[in-house]
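J.: Below: sequence and its predicted model.
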Amino acid sequence: MPVLNERAYLEHAVASVLQQRLDIPAELVLALGPSTDGTTELAQRLASEDSRIRLVENPAAHIPVGLNAAIRASRYATIIRVDAHSELSPGYAARAIDTLDRTDSANVGGVMHAEGRTPFQRSVARLYNSPVGLGGGAYHGGSQEGEAESAYLGVMRRSVLEEVGLFDESIRRGEDWELNLRIRQAGHRVWFDPELSVTYWPRENWLRLARQFRATGAWRGELVRRFGRRNGIRFFAPPALVLLVALALIVGVLQATGVLSGVVSLVASLVYLPLAIYILLDVAVALAPGGGGIRQRLWTLLVMPTMHLSWGLGFLGGVLRGAGDTVDASRLGTRNTPLP
């Protein structure tokens, strides 16, 4: 479990791991980044209270670096990746190991089920759980078990990880997708099991959400630079939306200044049609049953375009310039309200 500024979530995440019932030895290795909110002290206390918890340092604070440090420090044949912002469902580890053996796979993942505490966080969670929000990847609500492109978090065979070279430490986001690409290219199987469920807690405010999605989009753009069309077509929808918005703004200015007029202006106005459909879709999602109270529905109207446009802007920058040293700044210097 890589950990950085997760004081509000860490204790619950650790508890969900330690409560897993297994008939084989297990340990929890925390890779500690340079937190500023008391997370490191909390992790040290938890480790002093349970000998199954081990600590390693991740001074770089990058997720793949921390993951590799934890994997190298671990002692067992199966590696279960856990996010400090998540909680494993009861029986997750046992079911995943069984599925790993039953399907002869190298990596197994399940469903990311997002939850929220505030109207804002619940609106984000609802979009995470919807194909409209994050593009319909299997782990966002798939129900059909079978081979998959990637796996959320992942329950992996250590021997295969060592064969393909662990996580690529030059990739700051999307490192799981790239790892699974190498696993599949090496002739191994990645498997999706919808019976596996992980509770995920999204970012707590608008600015952190925008920062997270911009960074994630930038690294997907970098992955497109490196791997081209091996990336799924759904990843190109948000940048297409950004380009449509930019084109609509240009057309609007040219129409307002009289540069475009007559039939040419009428034809150019067709650019507004897909944006109008998108706005109607946003409204429909906000008003749909299960959308919560009025505050949550109002947040949904803002959250959906924030996710898509931030991701799309990051993607275009990543494709054009590369991701460089882009990091997810939503975790830096964060102060969160503890979970109940």
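T.: All right, it came through fine.
J.: hey, where'd the strands end up in this structure?
T.: 2-3, 28-32, 53-57, 78-80, 86-88, 107-114, 146-147, 155-157, 190-200 (DSSP state E).
J.: Please name the strands paired to the first one in the sheet, noting orientation.
T.: For strand 2-3, the pairing partners within the sheet under DSSP bridges are strand 28-32 (parallel).
J.: what does the fourth one give?
T.: On the basis of DSSP bridges, the sheet neighbours of strand 78-80 come out as strand 155-157 (antiparallel).
J.: follow-up on the earlier one: among the strands of the chain, which is nearest Gly133?
T.: strand 107-114 (9.1 Å; CB to CB). No exception for glycine: its C-beta is placed from N, CA and C like everyone else's.
J.: angle of that closest one against strand 190-200?
T.: 30 degrees (axes from the mean of the first three to the mean of the last three CA atoms, to 10 degrees).
J.: quick one: strands adjacent to strand 107-114?
T.: In the sheet, strand 107-114 lines up with strand 155-157 (antiparallel), strand 190-200 (parallel) (DSSP bridges).
J.: just these: most buried one?
T.: With neighbours defined as mean count of other CB atoms under 10 Å, the strands paired with strand 107-114 peak in mean count at strand 155-157, which reaches a mean of 23.
J.: Average pLDDT for that one, rounded please.
T.: Mean pLDDT, computed over strand 155-157, is 97.
J.: Let's have the strands paired with strand 107-114 in a markdown table, adding distance to Leu273.
T.: What follows is the strands paired with strand 107-114, written out as a markdown table (distance: least, CB to CB, whole Å):
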| stretch | distance to Leu273 |
| --- | --- |
| strand 155-157 | 45 |
| strand 190-200 | 35 |
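J.: for the ones you listed, which one sits closest to Ala96?
T.: Using CB to CB, the strands paired with strand 107-114 put strand 155-157 closest to Ala96, at 3.9 Å.
J.: Run through who's touching the closest one.
T.: Residues outside strand 155-157 that contact it (CB atoms under 8 Å, 6 or more residues apart in numbering) are 77-81, 93, 96-97, 99-100, 106-109.
J.: swap in stretch 284-303?
T.: Where contact means CB under 8 Å, 6+ apart, the residues beyond stretch 284-303 that reach it are 119-120, 122-124, 126-127, 130, 132, 206, 209, 282-283, 304.
J.: tell me the mean pLDDT for that stretch?
T.: Stretch 284-303 comes out at a mean pLDDT of 96.
J.: Going by neighbour count, list what's buried in that stretch.
T.: Buried residues in stretch 284-303, counting neighbours by 16 or more other CB atoms under 10 Å, are found at Val285, Ala286, Gly291, Gly292, Gln296, Arg297, Trp299, Thr300, Leu301, Val303.
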